[in-house]
Each structure stands twice: as C-alpha cells, then as structure tokens.
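Undergrad: Starting from these lines, generate the structure:
(one chain, ligands or ions: 1)
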Amino acid sequence: MIADRDRLATSDARETALACVEAGIEAGHPRTVVREAVSLEGETLRVADATYDLEAYAEIVVLGGGNAAAHVAAALEEILGDRIDGGVVVTDDPVETERVTVREGDHPTPSERGVAGTRALLEAAAAAGEDALVLAAITGGGSALMAAPAGDVSLAALQSTTEALLESGADIGEINAVRKHLSALKGGRLARRAAPATVAGVILSDVVGNDPSVLASGPAAPDESTFTDARSVLERYGIDVPEAVRERLERGAAGEIDETPGPADPAFERVSNHVVADGMTVLEAARDAAAERGYEPLVLSSRVRGEAREAATTHVAIAEEIRATGTPIEPPAAVLSGGETTVTVRGDGAGGPNQEFATSAALSLAASGTDAAVAAVDTDGIDGATDAAGALVDGATVEDPDAARAALADNDVCPYLESGNGLVLTGPTGTNLNDLRVLVVQ
Ligand SMILES: O=C(O)C(=O)CO
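TA: This next block holds a predicted model:
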C-alpha cells in the first residue's frame, strides 16, 4: 500500500510506524468494516445494531458519496448481491460495481462532474418510493464530492467558498455549517428528497465525535445549524465569499429561505444513521501492530484537533517523557492518536495537516535529540491538496532547522519533506477515517 516502502523503512522504529499505518488503514477499509457491520440472514438485513425485514421493501437502492463510497457500495453488493436494485454514489475513488452507478466527482474542491453526479444522486433519491430501503453510503469527503449548489449559488462561488473555508483554520463542524446552507443535498436534504423511503445510513466517520449531521455535511441527518451560524463562521474567520453566497446566507438568516430540516422534521421518521467505522477502528489495529512488534502501545485519543504544528509539539513532548523517565509507559513504546488537526494557511505553498504535523515533530525531535520516528497520515491517502498521505520523519529528517521553519512559515512543507525522503505515498486508500499519528520511541 505504501509506495517505496523499503526506502522509508530504514530503522525498526520507522518500519514499525509504517506497519501501524498499514494495519490501521487496512482495518478501516469498507471490505473489512462493512462486512463486519452488515449481514444478511434469510430476509433479515442487519446494519450495526438495527435489523430490517427485507420482505417489507419493494426495492433496495444504495445512494451516497464520499471518498470511500464506491468501496462501501461494492461491499454492500457482495453482501446483498442482486437484492440491490441500483443506486448512485459520487466519489473520487471509483471501483467496479455491478448494480450501483459510480459517478466521479472531485475533492477537496467540488467540480462540474461532481455536480452532475450529485444531480443523478438527487434524482435517484426522489425516485425512491415509500416502500424502498435506501442504504446511504456516506463517508468523509462527501461534502466536496456531493456538490449541489443551491439557489443562485454557482459552482464557481461554491468552489471559492470551499477553498477559503478549508484554508481558514475553521473546524469541520464550522466549515460544514456553511456548506450545508449552500446546498440542495446537505443538512438532511437528501433524506428529505428520499422520504418517505426508509433510509439506513452506512457511515464511515472521519469526524471527531461521529456526529452524523457534520459527517459529509449530514445528507441524511437532521441539522440543527442555521443560516445565522453559517454567517457567524464567515465572520469569525474573516472569510470573504462571493456575493451570491453572502446574499443567500443573509436572506436565509432573515427567514426568506427555508432552514435545513431539523430533528422534528417528518423526513427523518424512517431514517437511522449507523456509523460502522471511525478513527478508533484504525487506532485499535495500529495499536495491535505496534504490540506485535514489541512496542508498548499507548492510544492517546481519537479526537485530537487544533493547529497541526502545535499538536505535534505536544505529541513529541510525550515521546520525550517516555524516553527520559518512562512515564506514562516504558520504552520501547508507540504513541498513537487520531482525530483531525487543521492548518491556518498564511503562506502559499503545498502541504497538509499531516505533513505540517510531521515537519513540526521532526523539528522538535531534532532539537531534543529524541530517538523516535513519527508517521502522520490522512487515512484516505490524500493529505491537504497534495498527492501524499502524509509523512514519516525522525530527528535526522531535519538537517537544516531554518529551512524546516521557513517551509512551515510558508505552508510549503510538501517539497521540503519530499527532498528529505519523508513523504508517505499510498494513493487513494479506499477508506477515510480521519488522521492517524504514530510516534515510535526506541
Ligand atoms: O464533510 C466532509 O466531506 C468531510 O470530509 C467530513 O466528513
């Protein structure tokens, strides 16, 4: 899965960090987690802890989107075979399916083809009858991939708003509060389109806390955020948006446009959202891989967030403590965390949160002389808007601390890491369960 693995795995600590990354991503792949969470016995379909009597439904369709949505659709087809009548998913990681139509879109910036695919998805949702069972394959990346600009908002306006939001340092709940109010699908509007069909969300969570209304901007979840919240996010982060976006949010806040459907909306009477995998799925597998290699594992949290470079300093401090005093665990040890850090972009370069985390960690490791390797990856294989999943570093990565600091200052760590042989390249992994960080302390 990791390109040029041998070149990267130059020490036992680095090898172990890569093994943890691979084990975590593999454990979170839909072919694994969907098979665990979904099963068919006779006419009873189990999705997580819910059961559906298939005799009650005239058709079964798979609808959704996200980086891993086609893999979810393929896994559902394996389980349900020709019981699936059709469906549409929009993704940037296509895979062959027999019955569900896979439409390609783009991530992290929405595109024309994504809009076209999403139109087909909305049409399929509207066509689902009262006696249909909709399996909603929803995964991270869905917000950009399932692009359906609402009202007078153009695709170009949605693209520039998306880019400004992603660079602002706002968290995913804040970003998606805005996106939900610019969309014909997000914020529960897909479920409203499909109602009164029964909807069972099969969700891979890449958001801290697994809130289905935030995940992929909650196409099938009631939304409690408001137009006013969306305006506050833009104000809080000083985000400039095109006129049509500003006007829509203003009109919505003034009550001139319908709010996204909330929990009391009848559209959700037959909807249940099931999270079948999340960041902890990845962390548990990575923890086991570390233990198998003789490293004492310590899972810190699946909920780490905040500015990537600062989170790195804290993580390295924990590694330093382990090395210096054996607290809270004795080396050799592997410290693991998940969640999603952010980058407040001030410069004009290439990189992503995991690459900034790794660069900042490498600087701290070099400064303290700590013998540790650090891997930080986005489990979908795409960190920021680069081709790298993230990076693998140690204290030796930073030969020139000033150059590393300059790369961070310009948010241009991707070329810096590339020149130091630090980038981890996987290509699209088929899943998306947030970030994984592994610190292996010798
Ligand atoms: O909203 C999205 O698309 C995300 O990746 C978070 O789920």
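Undergrad: which ones are touching the closest residue to Pro30 other than its chain neighbours?
TA: In this structure, Pro30 finds its nearest non-sequential neighbour in His71, 4.0 Å apart by Cβ to Cβ, 6 or more residues apart in numbering. For every residue, glycine as well, the C-beta is placed using N, CA and C. By Cβ atoms under 8 Å, 6 or more residues apart in numbering, the residues touching His71 are 29-31, 93, 95, 430-431.
Undergrad: By neighbours, which of these wins?
TA: Highest neighbour count within the contacts of His71, by other Cβ atoms under 10 Å: Thr431, with 31 neighbours.
Undergrad: Show me what counts as buried in the strand or helix carrying the residue nearest to Pro30.
TA: Using DSSP states H and E, His71 sits within helix 69-80. Within helix 69-80, the residues that qualify as buried are 69-77, 79-80, counting by 16 or more other Cβ atoms under 10 Å.
Undergrad: Can you list the buried residues in the helix or strand hosting Ala116?
TA: Using DSSP H and E, Ala116 falls within helix 112-127. By neighbour count on 16+ other Cβ under 10 Å, the buried set for helix 112-127 is 113-115, 117-119, 121-122, 124-125.
Undergrad: How about stretch 89-100?
TA: Neighbour count says stretch 89-100 has 89-95, 97, 99-100 buried, by 16+ other Cβ under 10 Å.
Undergrad: Mark which of those are part of strands, please.
TA: 89-91 (DSSP state E).
Undergrad: Same list (those) but as CSV, adding distance to the ligand and pLDDT.
TA: Formatted as CSV, those follow (distance: Cβ to the nearest ligand atom, whole Å; pLDDT from 0 to 100):
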residue, distance to the ligand, pLDDT
Val89, 14, 98
Val90, 11, 98
Thr91, 12, 98
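Undergrad: circling back to that earlier point, using CSV, please lay out the buried residues of helix 69-80 together with pLDDT.
TA: Shown next, in CSV, are the buried residues of helix 69-80 (pLDDT from 0 to 100):
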residue, pLDDT
Ala69, 98
Ala70, 98
His71, 98
Val72, 98
Ala73, 98
Ala74, 98
Ala75, 98
Leu76, 98
Glu77, 98
Ile79, 98
Leu80, 98
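Undergrad: Can you tell me which of these is closest to Glu130?
TA: Closest to Glu130 out of those is Leu80 (20.3 Å), distances taken as Cβ to Cβ.
Undergrad: rewinding a little: other SSEs contacting the helix holding Ala116?
TA: Judged by 3 or more Cβ pairs under 8 Å, 6 or more residues apart in numbering; DSSP states H and E, helix 112-127 is in contact with strand 59-65, strand 86-91, strand 101-104, helix 142-145, helix 189-194.
Undergrad: redo that, cut-off 6 Å
TA: Packed against helix 112-127 by the contact rule (3 or more Cβ pairs under 6 Å, 6 or more residues apart in numbering; DSSP states H and E) you find strand 59-65, strand 86-91, strand 101-104, helix 189-194.
Undergrad: how about a markdown table for the ones you listed, with distance to Ala358 added?
TA: Shown next, in a markdown table, are these (distance: least, Cβ to Cβ, whole Å):
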| stretch | distance to Ala358 |
| --- | --- |
| strand 59-65 | 29 |
| strand 86-91 | 27 |
| strand 101-104 | 30 |
| helix 189-194 | 36 |
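Undergrad: still on that earlier bit, what separates the residue nearest to Pro30 from Ala157, distance-wise?
TA: 31 Å (Cβ to Cβ, to the nearest Å).
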